[in-house]
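Participant: Return atomic coordinates for the entry below.
(2 chains)
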There are 2 protein chains.
Amino acid sequence: MAARIVWRVTPPIEFHPRAVFPRGVRCASRNVGLKPSARDLTLFVSEVDAAAAAVFTRNHFPGAPIILGRETIQGGRLRAIIANSKVSNVATGAEGVARARRMAAAAAAEVGTTADRVLVSSTGVIGVPLPIEKIEAGVVGMASDLQGDPLVGAEGIMTTDSHPKAISCAVGDATLTVVAKGSGMIAPNMATMLVYCFTDAALDADALRAMLGPAVDRTFNMLSVDGDTSTSDTCVLLANGLAGPVDATIFATALDAAFERMTEILARDGEGATRMLRVRVGGAKTDAEARRIARAIGDSPLIKTMVHGADPNVGRILMAIGKVTDCTVHPETTDAWVNGFAVVQRGTRVAFDDAVVRAALSVETVELRVALGVGDGEARFWGCDLTKGYIDENAAYYSS
Amino acid sequence: MAARIVWRVTPPIEFHPRAVFPRGVRCASRNVGLKPSARDLTLFVSEVDAAAAAVFTRNHFPGAPIILGRETIQGGRLRAIIANSKVSNVATGAEGVARARRMAAAAAAEVGTTADRVLVSSTGVIGVPLPIEKIEAGVVGMASDLQGDPLVGAEGIMTTDSHPKAISCAVGDATLTVVAKGSGMIAPNMATMLVYCFTDAALDADALRAMLGPAVDRTFNMLSVDGDTSTSDTCVLLANGLAGPVDATIFATALDAAFERMTEILARDGEGATRMLRVRVGGAKTDAEARRIARAIGDSPLIKTMVHGADPNVGRILMAIGKVTDCTVHPETTDAWVNGFAVVQRGTRVAFDDAVVRAALSVETVELRVALGVGDGEARFWGCDLTKGYIDENAAYYSS
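Facilitator: Here you go, the predicted model:
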């Protein structure tokens, strides 16, 4: 007998077939010479000041844009975001921070605002000086390119991403749009990658702050491509109020759902990934223990390669649960499923037909569920398989 | 100016060019039908009872041999070790423990002792029933095969290892021999893999226990191939006393050095590895913080792929240090070196010639040193590069 467990349910939200922006938000992107020819600079602009909140990486070596961004976000208001790809402006000392400030000033001049209303992001190689002159020259005239397709902005911030990423949904009369990039160095802590969220709902900075942290915690912070935490992670939410007030609870639910969907989009586009891996752990002593065990499973190279090869080597699930030695785990109450098929009951491997489990693993989305039978704690985690493509992308990232 | 730091020195120990056993210890190995034709069963025997101590995996799902071994080692005396490869007898329930007991009894009968003086180990796939009849039939007559080459015993316990592993050194008039296996699912916690140590020094079980834990902690517990902790890790030390007493401090130093050498041998044979990675962290607030940061660097997939590709993407070192958010790290006092070449000073990447760092990385042993400049804590960690060979070995381990 498997443990009886009631899994928590996420309310369904409808997303637009193709992402749109809220009222008053537009973007532009260009090649300014950081990459050979692909777009490498993006500008997002709200036509009026927006209330704003952000969470940033907790890495000890934050990039210069993070150091500046923590200062900028204090004001709780933003008009624009300027972001470049290819060079991350991290480990570049005081000169790096000075260049981030110049980047904010250049964008402010182009948009017609002040530098303290512009959030700066940079993503790419660590430890290389930011070619600020190219950015200052390149941003001139971008205000006249502004248009309404979020994917155009998403394209300018891509690094190893295989496609630009943007989604949107309605929240009452308002719209919520999430634009993101990221496919490697993903194991966020506090915030993740670059995620820009825009709404025309009227919500103040305190309200945004109150909902942003928990939503990030349940979604992006439970995503890992490789267990490595970027020095540039940023997640920012702008609300320009042009659609008037919305129910904050409904908005928070939509934000959660949008972050969850973007988390799955990012997991699917993990470097070299061919399958998405979703881990659900229930029946843990606490939610915190469920999170740690879900992460241990989803980050395990042996689980990730098993999923890649659709190899029914399910004992590795027990290995990964078991290595979290300071959480409460009892083999005799531990059950596990692969895409709904029971593979472990009471800590012992079920005598299954290998071909059935191989088939269950041979799909694009692999969900591993674990019921620990020791409490009500639950968590979800997202990841992807580990493939030779990951090695290819990362053995020469700097040099290519 | 880089931080000034005095690194701790390990005393040098001479190892035999080819491993030998201590007085009174011999081994045999055979194919008993678990693998198609390779040796899959090993017997180690001391001609007299030996004092013994062991450390085992802390994984929540210990294999049946670990459950039995914890009971057996209580007595503090062993005559023999029997170990099979191919099937690990983990996640096999009460029947698995019963089969481990039958395995001990079969070896005891063959050697002429009692089952409580026999340590049992199994290594291989998790969750598959142990073919105990093949082992019971196969062990008969092994006592007459016993001989003096430790590599013969090492061969019978290999799984994905590319070669058998045994080393030995003199400690006064006594000999210390370490036989081990392991190349994947290696991120030990408390003990690691299978490591069998034999000496003819006269040391009691308490003395062995006192030196085994700390030596494992400094060496095998600071080794990781993939961050995954095996359910079968075992490290046991037998002292049969045939060489008489030795200085315990000198013996402990030799044990440390032998474990360090075996750790490097195991790291070099990590699944798919082409380079060994050694990480030294000094100037940390405490040794414990140095250990955590060294592990974060050595386990990082982005560091491991950078080393594989000899890509001078050294910003990743800062990323990996920085992701350990709850240790004391100050960018302005952080320096780093790649095989002696300074790449980071005061948290900022040095403006180096890429070709020089590429050359420093293009060797078999890559040492990354980090000086944190916040205290006297120091640690070393061993690992290897992450290659397509790891994916090949692990995407079909169960099925092949």
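Participant: Could you use CA atoms for every contact and neighbour count after this?
Facilitator: Fine.
Participant: May I have the predicted confidence score for residue A:228?
Facilitator: Here, the pLDDT recorded for residue A:228 equals 69.
Participant: so where's the stretch 101-250 of chain A uncertain?
Facilitator: Confidence mapping of the stretch 101-250 of chain A against pLDDT under 70 gives the ranges A:183-193, A:225, A:227-230.
Participant: Of all the residues in it, which one is nearest chain B?
Facilitator: For the stretch 101-250 of chain A, the residue closest to chain B is residue A:126, as judged by CA to the nearest CA, at 4.8 Å.
Participant: now that residue: how far from residue B:386?
Facilitator: Counting by CA to CA, to the nearest Å, the separation of residue A:126 from residue B:386 is 20 Å.
Participant: now swap in residue A:315 and tell me
Facilitator: Here the criterion is CA to CA. By it, residue A:315 lies 23 Å from residue B:386.
Participant: Equivalent analysis for residue A:110, please.
Facilitator: Taking CA to CA as the measure, residue A:110 falls 45 Å from residue B:386.
Participant: Look at these two and report which has more neighbours.
Facilitator: Counting neighbours by other CA atoms under 10 Å in any protein chain shown for residue A:110 and for residue B:386 shows that residue B:386 has the greater number, 32 against 17.
Participant: Residue A:388 is in contact with the more buried one, correct?
Facilitator: No - Residue B:386 is not in contact with residue A:388 according to CA atoms under 8 Å; the separation is 9.9 Å.
Participant: Domains in chain A, by residue range?
Facilitator: The record, using automatic domain parsing to delimit domains, assigns chain A the ranges A:25-268, A:276-394.
Participant: what sits against the residue of the stretch 1-150 of chain A found nearest chain B?
Facilitator: At 4.0 Å from chain B, residue A:60 is the closest residue in the stretch 1-150 of chain A, using CA to the nearest CA. By CA atoms under 8 Å, 6 or more residues apart in numbering or on different chains, residue A:60 lies in contact with A:231, B:319, B:321, B:322, B:323, B:324, B:325, B:329, B:330, B:331.
Participant: what do you get for residue A:201?
Facilitator: So, once contact is read as CA under 8 Å, 6+ apart, residue A:201 ends up touching A:174, A:175, A:239, A:240, A:241, A:242, A:243, A:244, A:245, A:246.
Participant: With respect to residue A:363, which of the residues you listed is nearest?
Facilitator: Taking CA to CA as the measure, residue A:363 lies nearest residue A:175 of the contacts of residue A:201, at 33.3 Å.
Participant: which secondary structure element contains the closest one?
Facilitator: In this assignment (DSSP states H and E), residue A:175 forms part of strand A:174-181.
Participant: Give me the contact list for stretch A:62-70.
Facilitator: Residues external to stretch A:62-70 that are found in contact with it (CA under 8 Å, 6+ apart): A:56-57, A:88-93, A:96-97, A:100-101, A:119-122, A:231-232, A:234.
Participant: cool, stretch A:10-23 as well?
Facilitator: Contacting residues not belonging to stretch A:10-23 are listed as A:148-151, A:166-170, A:174-177, A:198-200, A:242-243, A:253-254, A:257 [CA under 8 Å, 6+ apart].
Participant: Now, the residues you listed that are in helices?
Facilitator: Judged by DSSP state H, the contacts of stretch A:10-23 include A:150, A:151, A:253, A:254, A:257 as members of helices.
Participant: that older thread, which of the contacts of residue A:60 has the largest number of neighbours?
Facilitator: Each of the contacts of residue A:60 was scored by neighbour count (other CA under 10 Å); the top score is that of residue A:231, with 34 neighbours.
Participant: so who does that residue touch?
Facilitator: Here residue A:231 is in contact with A:57, A:58, A:59, A:60, A:61, A:62, A:63, A:90, B:319, B:322 (CA under 8 Å, 6+ apart).
Participant: Please tabulate these in CSV, including the columns secondary structure and distance to residue B:133.
Facilitator: As requested, the contacts of residue A:231 are exported to CSV (DSSP: H, G, I helix; E, B strand; the rest coil; distance: CA to CA, whole Å):
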residue, secondary structure, distance to residue B:133
A:57, coil, 56
A:58, coil, 55
A:59, coil, 54
A:60, coil, 56
A:61, coil, 58
A:62, coil, 59
A:63, coil, 61
A:90, coil, 61
B:319, helix, 52
B:322, helix, 53
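Participant: Paired strands for the strand ranked longest in chain A, with orientation please.
Facilitator: The residue-count maximum for a strand in chain A (DSSP state E) belongs to strand A:41-56. Strand A:41-56 has the following strand partners under DSSP bridges: strand A:25-30 (antiparallel), strand A:77-84 (antiparallel), strand A:234-245 (antiparallel).
Participant: Dump the longest one to PDB, restricted to CA.
Facilitator: Extracted in PDB, the C-alpha atoms of strand A:234-245 (Å, rounded to 0.1, in the frame of the first residue of the first chain):
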ATOM      1  CA  THR A 234      17.300  40.000 -11.000                       C
ATOM      2  CA  CYS A 235      13.600  39.800 -10.900                       C
ATOM      3  CA  VAL A 236      11.700  43.100 -11.100                       C
ATOM      4  CA  LEU A 237       8.000  44.000 -11.100                       C
ATOM      5  CA  LEU A 238       6.700  47.300 -12.500                       C
ATOM      6  CA  ALA A 239       3.100  48.500 -12.100                       C
ATOM      7  CA  ASN A 240       2.200  51.700 -13.900                       C
ATOM      8  CA  GLY A 241      -1.400  51.900 -12.800                       C
ATOM      9  CA  LEU A 242      -2.900  52.700 -16.200                       C
ATOM     10  CA  ALA A 243      -5.600  50.000 -15.800                       C
ATOM     11  CA  GLY A 244      -6.600  51.200 -12.400                       C
ATOM     12  CA  PRO A 245      -6.900  49.100  -9.200                       C
END
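Participant: ok, back up a step: neighbours of the residue of the stretch 101-250 of chain A closest to chain B, how many?
Facilitator: The local packing of residue A:126 (other CA under 10 Å) involves 28 other residues.
Participant: Residue A:14 now?
Facilitator: Burial of residue A:14 is recorded as 12 neighbouring residues (other CA under 10 Å).
Participant: How about residue A:376?
Facilitator: Close neighbours of residue A:376, defined as other CA under 10 Å, add up to 17.
Participant: doesn't residue A:283 make contact with it?
Facilitator: Yes - using CA under 8 Å, residue A:376 is in contact with residue A:283, at 4.6 Å.
Participant: So the residue nearest the centre of chain A versus residue A:263, what's the distance?
Facilitator: For chain A, the residue sitting closest to the mean C-alpha position, by CA atoms, centre = their mean, is residue A:220 at 4.4 Å. Computed with CA to CA, the distance linking residue A:220 and residue A:263 is 6 Å.
Participant: One more: residue A:87?
Facilitator: When CA to CA is the yardstick, residue A:87 and residue A:263 sit 24 Å from each other.
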